[in-house]
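Novice: The sequence and its predicted three-dimensional model are supplied below.
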Amino acid sequence: MQGNSLMPRLKEEYKKKIIPSFLKDPRFKNIFQVPRIEKIVINTSIGKNIENSKLLPRAADILANISGQKAIITKAKKSIAAFKLREGMPIGAKITLRNNIMYEFFDRLISVALPRVRDFRGLSDKAFDGKGNYTLGIKEITIFPEAVSEESNFGLEISIVISTKNDEDAKKLLEEFGFPFKKSSK
């Protein structure tokens, strides 16, 4: 089998359609200047359930099921007495996706998971950080078919890191991929 036959759908679309559309803009002189998704970081925290130590490995397993990659356990950097948090305590899980796994997760996010959100009207275009990166929060992890519903009562934060330094180019890139932004009412 050739390696190209296993290329994720969105990666192929990026190479065949999105790059040529960006190259029509005179600001982009070659394909290396075209914005691209560098990585997707998925974070979760057990928050209020910090005393329940059995919850965190289960959350890490669910993250692994959703993303197709093993999660790492994150630990507290400093103690906060009001939250009964001690330095070094495990408090969350995180996964950094790159290359083909990243494109496959991104495809499942926009074509399967987000349409399952109840009363979904699109994502805000105000969640860019000023450097071209986009972060979205998901309150219920059950929008992913891989998540087991009775044990998954935590949310996610998904950060999409894009290789551009301005939000307009990053938004255009995400729109080209079919990212469901809210329709602006002008």
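Specialist: Yep, that arrived.
Novice: Pick out the residue nearest the middle of this protein.
Specialist: residue 158 (3.4 Å; Cα atoms, centre = their mean).
Novice: So what does it have for phi and psi?
Specialist: phi -110, psi 120 (degrees, to the nearest 10).
Novice: pLDDT score assigned to it?
Specialist: Note on residue 158: pLDDT of 92.
Novice: what do you get for residue 161?
Specialist: For residue 161, the model assigns a pLDDT of 93.
Novice: likewise residue 186?
Specialist: Looking at residue 186, its pLDDT is 47.
Novice: How about residue 36?
Specialist: Reported pLDDT for residue 36: 91.
Novice: you'd agree it is up against residue 162?
Specialist: Yes: between residue 36 and residue 162 there is a contact at 7.1 Å, judged by Cβ atoms under 8 Å. C-beta here means a position set from N, CA and C on the backbone, and glycine is covered the same way.
Novice: any shared contact partners between these two?
Specialist: Residues touching both residue 36 and residue 162 (Cβ atoms under 8 Å, 6 or more residues apart in numbering) are residue 173.
Novice: which one of the two has more residues nearby?
Specialist: Each of residue 36 and residue 162 has its neighbours counted (other Cβ atoms under 10 Å); residue 162 has more, 22 against 15.
Novice: hey, which helix is longest across this protein?
Specialist: As assigned by DSSP state H, the longest helix anywhere in the chain is helix 55-67.
Novice: Show me what it packs onto, helices and strands only.
Specialist: strand 37-45, strand 72-75, strand 90-97, helix 99-108 (3 or more Cβ pairs under 8 Å, 6 or more residues apart in numbering; DSSP states H and E).
Novice: For my notes, confirm residue 126 occurs in a helix.
Specialist: No: judged by DSSP: H, G, I helix; E, B strand; the rest coil, residue 126 forms no part of a helix; its state is coil.
Novice: do you know how far it is from residue 154?
Specialist: Separation of residue 126 from residue 154 (Cβ to Cβ, to the nearest Å) stands at 24 Å.
Novice: For those two, indicate the residue with more neighbours.
Specialist: For residue 126 versus residue 154, neighbours defined as other Cβ under 10 Å are more numerous around residue 154 (24 against 8).
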